[in-house]
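Peer 1: kindly generate the corresponding structure for this input.
(one chain, ligands or ions: 2)
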Amino acid sequence: MSKSKSSESVKVVVRCRPLNRREESNGPAGGIVQMDLRLGQVILRNPRAPASEPQKTFTFDAVYDANSKQRDLYDESVRPLIDSVLAGFNGTIFAYGQTGTGKTYTMQGAWLDPEKRGVIPNAFDHIFTHISRSQSDKQYLVRASYLEIYREEIRDLLDPNHANARALELRESPDTGVYVRDLTSCVCKSIKEIEEVMNVGNQARAVGATDMNEHSSRSHALFLITVECSQPGPDGRKHIRVGRLNLVDLAGSERQAKTGVQGERLKEAAKINLSLSALGNVISALADGRSGHVPYRDSKLTRLLQDSLGGNAKTVMVATLGPAPQHYDETITTLRYASRAKNIQNQPKVNEDPKDALLREFQREIARLRAQLNHRKWRSKQKKEQVEGEVWERDGETEEEEEEEEVEKEAEDYVRLEEQRLEREKEAIREDRFLLAEEKQRLLGEKERMMGDLRKEQEATEQLTAKYKAMESKLLVGGKNIMDHTNEQQKMLEMKRQEIAEQTRREREMQQQMLVQDEETVELRETFTSLQQEVEAKTKKLKKLYAKLQCIKAEIQDVNDEHVRSRQELEQTQNELTRELKFKYLIIENFIPPEEKNKIMNRLTFDPEEDQWKFQPLVPGESKSSRMKKRPASAVGYKRPISQYARVAIAMGAHSRYRAENIMFLELDMTPPSTASLDRSTEAASNQSHSAANSPSKDRGVRKSRSWYQPRKSITSSSSNISLAACHTATPTAAQ
Ligand code: ADP
Ligand code: MG
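Peer 2: Ligands and ions are numbered 1, 2, ... in the order given. Purely as a prediction, here's the structure:
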């Protein structure tokens, strides 16, 4: 196995499912997808184009038609990847395609039918069979996690509280790259256990969705398996290799119709396929090779798959197609994506002795527990020998292994003997007639305590043993923990099948190479005997090249059309978002006081990690707890904040109830109407100064009578000194 950082391209295979019953009944047109299995080519017919138009041909690492078996796809295209993961590489398999084209069928398949089991169950089988057949100097630790990305939120499917749990965050570390914080990971010791983990996750996925089909075609599911393997190296030390496998079932790649949606629904529509379009952009940027910036950060999915696309992982992409004519557009888009992804180069490398290997921690913990246990047992043995009066010396570590069983036996013997001895002594004390009753009681109590100690010690040892055993059982030893039930014949059969798969793969590669070479060298080989012949040959070649040119022209046209279409869609989304924005602006500008708006705006900061605006806390973080515990103090030294009305009332020497209270006087002041004589010349002037309650009044009677209908307003506005004073002048006795 090479550890070099040589680059290799993403492997892309295409699979086409059979026509389903509904499509068959739609018409006799049949499928539009043809496949050349030997050459790994897909030939696509455009149902709307005239028959003269050349068909489109795409070449891939392998193609699987409607008759293909799950097992063939696994053996030929996935097995080598899983083998690499077991050797310590990172690996990713993802299924991409329109909804209903067989992504889930390919990744999971029908679990109960061995013929129809998909990539994931076959990978489980493969991993644990490999462990069961490996040498006994290897130790393995297998862990599994399961998550989904739905509306740009990462959810842990193994969290029992999945439906209500908060979305998980992505983090990046220099050692492991991008990872999901706080993701549950389960240690799996057998195929059954890992299948159980998968089932739990699948159920959580189903429960979380109101409409399963809708949900599953809009969410991306990632099943992660980490295989750690420790093996003694040539230097005698144990080296750990960590392989990480991502098994990804993507959301359907078709465009979601989003016409006429608003508000929340619009936001949802914008987010649904954000991950997928970001994936497309990443693939384009990587395949292009010229653009320096790869937009991994645009979505959660692309960040999680960062290693798998252009990073240090080996990657297989399974593009799934449906053969029905009505899905021609989707099919060709999938094929274009797939064909672009072929150009992505990865630099896979073995993860050797990473800092975060859990296996190392487990090994340390097991060693510690074992040392503790041994210490206890030695101690028991020592005591036994002391009891028996033997002189005993521990002589080094050499005979440890053989003696271990003996020590364990002796430790058990010691406990038994000690118990018997204490029992005997108790009996002797009871029967001793020369002892005083009190003395007897004391001695018996002491023996009882000694026995209790002995039992406690024994219990502690048992607990320690149980812990040690549980810990040890998590580590799988090559060829030991898992039984391999296949017999020799089956093993031979498996090997043969793998050989055949390998051969088919190589043959296809050679065929493809030959095809390319053929085109290049055809004219070198040709010698022409006559001019006529030369003309004929060249005409033929010209025709061929012309056809090729037409193909490429049509391709350019198609790509242009697609580009225009997606631009129009983007524009439409942009327009809708702009409209939404204008609506929000209108509300903000007209209904939110500017100072409130400024306050809010000053508190907002952008968190690029989470791609969200966040509020800064009002109180600085560290002093928060100490400050918030105290009640807000009153500015002028009152016990509590107090209203201006009450303060003025106190200052005016008012009633004692205002001293520390926030009580306002809300009764109407019922001043009697005045009976002063009306002076017409002054009335007009006083009418003009109508609103000024504290204006110098020429006629006290008129002002008073106005206070008849005004006091309610002036009293309730407790923050206004002026109105309060006015009220007081109007009703000098009211506050009393
Ligand atoms: P997707 O996950 O892409 O939305 P599914 O995997 O759910 O699609 O497949 C839709 C249907 O097509 C399922 O009923 C599945 O059994 C069937 N199907 C898909 N691929 C194949 C295949 N290669 N052979 C037979 N049936 C298939
Ligand atoms: Mg699916």
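Peer 1: now do the domain split for this protein, please.
Peer 2: Following the TED database, one finds the domains of the chain at 8-346, 418-473+483-525, 531-611.
Peer 1: point out the most buried one among those domains.
Peer 2: domain 8-346 (a mean of 18; mean count of other C-beta atoms under 10 Å). Heads up, the C-betas are built off the backbone N, CA and C, glycines and all.
Peer 1: what about residue 540, distance to ligand 1?
Peer 2: Computed with C-beta to the nearest ligand atom, to the nearest Å, the distance linking residue 540 and ligand 1 is 39 Å.
Peer 1: please enumerate the helices of the stretch 301-450 of the chain.
Peer 2: In order along the chain, the stretch 301-450 of the chain carries the following helices (DSSP state H, counting those that start in this stretch): 328-341, 358-387, 400-431, 437-474.
Peer 1: make TSV out of these and add mean pLDDT.
Peer 2: Shown next, in TSV, are those (pLDDT from 0 to 100):
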stretch	mean pLDDT
helix 328-341	90
helix 358-387	81
helix 400-431	74
helix 437-474	85
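Peer 1: export those to CSV and tack on distance to ligand 2?
Peer 2: As requested, the helices of the stretch 301-450 of the chain are arranged in CSV below (distance: least, C-beta to the ion, whole Å):
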stretch, distance to ligand 2
helix 328-341, 14
helix 358-387, 31
helix 400-431, 53
helix 437-474, 33
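Peer 1: make JSON lines from the ones you listed and add distance to residue 105 to it.
Peer 2: Shown next, in JSON lines, are the helices of the stretch 301-450 of the chain (distance: least, C-beta to C-beta, whole Å):
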{"stretch": "helix 328-341", "distance to residue 105": "15"}
{"stretch": "helix 358-387", "distance to residue 105": "33"}
{"stretch": "helix 400-431", "distance to residue 105": "52"}
{"stretch": "helix 437-474", "distance to residue 105": "33"}
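Peer 1: residues contacting residue 69?
Peer 2: residue 115 (C-beta atoms under 8 Å, 6 or more residues apart in numbering).
Peer 1: could you measure from it over to ligand 2?
Peer 2: 20 Å (C-beta to the ion, to the nearest Å).
Peer 1: what backbone torsions are found at that residue?
Peer 2: Note on residue 69: backbone dihedrals following degrees, to the nearest 10 are phi -100, psi 150.
Peer 1: how near is it to residue 156?
Peer 2: 34 Å (C-beta to C-beta, to the nearest Å).
Peer 1: interface residues of this protein facing ligand 2?
Peer 2: Residues of the chain lying near ligand 2 by C-beta under 5 Å from the ion: 103, 104.
Peer 1: residue of the chain nearest ligand 2, please.
Peer 2: Relative to ligand 2, the nearest point of the chain is residue 104 (3.3 Å; C-beta to the ion).
Peer 1: ok, residues contacting the helix or strand that residue falls within?
Peer 2: Assigned by DSSP states H and E, residue 104 falls within helix 103-107. Helix 103-107 is contacted by residues 15, 17, 70, 73, 93, 95-97, 118-120, 216, 247-250, 252, 318, 320 when judged by C-beta under 8 Å, 6+ apart.
Peer 1: which one of the domains of the chain lies nearest to residue 363?
Peer 2: domain 8-346 (6.9 Å; C-beta to C-beta).
Peer 1: check the offset of the closest one from the chain's centre.
Peer 2: Centre-to-centre, domain 8-346 and its host chain are 15 Å apart (C-alpha atoms, centre = their mean, to the nearest Å).
Peer 1: okay, how far is it across it, tip to tip?
Peer 2: 5 Å (C-alpha to C-alpha, to the nearest Å).
Peer 1: does it come close to ligand 1?
Peer 2: Yes. Counting by C-beta under 6 Å from any ligand atom, ligand 1 is contacted by domain 8-346 at 17-18, 97, 99-105, 217, 252, 320.
Peer 1: closest one to residue 600 out of these, please.
Peer 2: residue 217 (38.4 Å).
Peer 1: per-residue confidence at the closest one?
Peer 2: On the pLDDT scale, residue 217 is placed at 68.
Peer 1: could you do the one 5 residues further on as well?
Peer 2: According to the per-residue confidence, residue 222 scores 93 in pLDDT.
Peer 1: strands of the stretch 51-200 of the chain, residue ranges please.
Peer 2: 56-59, 62-64, 90-97, 139-150, 153-156, 170-173, 177-180, 186-187 (DSSP state E, counting those that start in this stretch).
Peer 1: what packs against the strand or helix carrying residue 572?
Peer 2: Following DSSP H and E, one finds residue 572 within helix 531-591. Judged by 3 or more C-beta pairs under 8 Å, 6 or more residues apart in numbering; DSSP states H and E, the packing partners of helix 531-591 are helix 263-272, helix 328-341.
Peer 1: now with 10 Å?
Peer 2: strand 56-59, helix 263-272, helix 274-288, helix 328-341, helix 488-525, helix 594-603 (3 or more C-beta pairs under 10 Å, 6 or more residues apart in numbering; DSSP states H and E).
Peer 1: could you save the ones you listed as CSV and add columns showing distance to residue 546?
Peer 2: Listed next are the helices and strands packed on helix 531-591 as CSV, based on distance: least, C-beta to C-beta, whole Å:
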stretch, distance to residue 546
strand 56-59, 16
helix 263-272, 43
helix 274-288, 28
helix 328-341, 23
helix 488-525, 15
helix 594-603, 63
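Peer 1: looking at these, which is nearest to residue 569?
Peer 2: Going by C-beta to C-beta, the one of the helices and strands packed on helix 531-591 nearest residue 569 is helix 274-288, 9.9 Å.
Peer 1: orientation of the closest one relative to helix 328-341 in degrees?
Peer 2: Put simply, helix 274-288 runs at 50 degrees to helix 328-341, going by axes from the mean of the first three to the mean of the last three C-alpha atoms, to 10 degrees.
Peer 1: mind exporting the C-alpha coordinates of helix 274-288 to PDB?
Peer 2: The C-alpha coordinates for helix 274-288 follow below in PDB (Å, rounded to 0.1, in the frame of the first residue of the first chain):
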ATOM      1  CA  LEU A 274     -28.900  25.200  -1.900                       C
ATOM      2  CA  SER A 275     -26.700  22.300  -0.900                       C
ATOM      3  CA  LEU A 276     -27.200  20.600  -4.200                       C
ATOM      4  CA  SER A 277     -26.600  23.700  -6.300                       C
ATOM      5  CA  ALA A 278     -23.500  24.400  -4.100                       C
ATOM      6  CA  LEU A 279     -22.400  20.900  -4.800                       C
ATOM      7  CA  GLY A 280     -22.800  21.500  -8.500                       C
ATOM      8  CA  ASN A 281     -20.700  24.700  -8.300                       C
ATOM      9  CA  VAL A 282     -18.000  22.900  -6.300                       C
ATOM     10  CA  ILE A 283     -17.800  20.200  -8.900                       C
ATOM     11  CA  SER A 284     -17.700  22.700 -11.700                       C
ATOM     12  CA  ALA A 285     -15.000  24.800 -10.000                       C
ATOM     13  CA  LEU A 286     -12.900  21.700  -9.300                       C
ATOM     14  CA  ALA A 287     -13.400  20.100 -12.700                       C
ATOM     15  CA  ASP A 288     -12.500  23.400 -14.400                       C
END
